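1. Have a look at this fold, sequence not included:
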């Protein structure tokens, strides 16, 4: 395998850093730290460039908060200056990592995404009768730093770049020598690449008939239950032995015609339905906009725009009949009277 020669000079390039600022600030332009950084942009970029090139750039400073999506998660969001650094790194490292991934890995990739993963899964469900689906227990928290650094060293050869990446990896610990922070751009790309060996095991050694992976949610198909269970045994052993990851005991083996749930959709060979989680998201969004309208915070046009945003959650699924039923059961007039 030919390793990439990309180094700190490319990461610290003026154009790369300026583009990284734009991407890091997207949707966050009103925050004080973003406004302050942009107000002194030439000086900030000059200092960040110098710190990257001499290896002294600070890493590991984060803002910690909790979310429920739907299960509780602890988010470690890097400060804005480090977000710019992460975007600059991934702009150079991302394409190299992407070239090493199999085609059926869909997270953190241009032209892929959750909907493409769902469509591909439905394509496989139409063709093959049986599937197995696994999830990794505490995937981000369980990633082994030494293994990740070894995997990245197979793709990159610049010592200074690897040293900086190693410092970013080692700045967070869920357990000694393990864990990547949820909320950092580098974590998403590194975790996605970390599981690439498992993809190749299934495709090249187990010879599964089809496969789809979206981050740590992995599904594959076979001609019968025996074949997919055999691959499941090998996948468990590889994940634990080579990557230090544990496949949840709730791994599912089933028939494609009975459907499976992936990325918020219930996938059947001939239909694409909403998962319970996505139905809840629609209901919550609708209640939010109805409450805002009742309180006078938005007008009728704002309510219409809010309804459009709620309906977008149900897009791409065969959900027209379900939406009509929801509007019939919970019409706007009743919602406003309750409020």
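-> Perfect, I can see it now. The structure displayed is predicted, hence computed values, not measured ones.

2. Identify the residues contacting residue 49.
-> The neighbourhood of residue 49, defined by CB atoms under 8 Å, 6 or more residues apart in numbering, consists of 12, 14, 17. For the C-beta atoms, the positions are set from N, CA and C on the backbone; glycine is no exception.

3. any idea how far residue 162 is from it?
-> As judged by CB to CB, to the nearest Å, residue 49 and residue 162 stand 19 Å apart.

4. can you check residue 214 too?
-> 28 Å.

5. Who has more neighbours out of those two?
-> residue 214 (23 against 16; other CB atoms under 10 Å).

6. partner residues bridging that one?
-> Beta-bridge partners recorded for residue 214 (DSSP bridges): residue 217.

7. Span of stretch 311-323 from start to end?
-> End-to-end distance of stretch 311-323 (CA to CA, to the nearest Å): 8 Å.

8. outside of that stretch, which residues touch it?
-> With CB under 8 Å, 6+ apart, stretch 311-323 has contacts from 115, 118, 265, 271-274, 278-279, 281-282, 285.

9. Reformat those residues into a markdown table and put secondary structure and neighbour count next to each item.
-> Formatted as a markdown table, these follow (DSSP: H, G, I helix; E, B strand; the rest coil; neighbours: other CB atoms under 10 Å):
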| residue | secondary structure | neighbour count |
| --- | --- | --- |
| 115 | helix | 15 |
| 118 | helix | 22 |
| 265 | strand | 27 |
| 271 | coil | 12 |
| 272 | strand | 18 |
| 273 | strand | 16 |
| 274 | strand | 21 |
| 278 | helix | 19 |
| 279 | helix | 19 |
| 281 | helix | 18 |
| 282 | helix | 19 |
| 285 | helix | 18 |
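
10. Return the members of the contacts of residue 49 classed as buried.
-> 12, 17 (16 or more other CB atoms under 10 Å).

11. right, and out of the contacts of residue 49, which lies closest to residue 148?
-> Lowest distance from residue 148 to these (CB to CB) belongs to residue 12, with 23.0 Å.

12. Having no further points to raise, I will conclude here.
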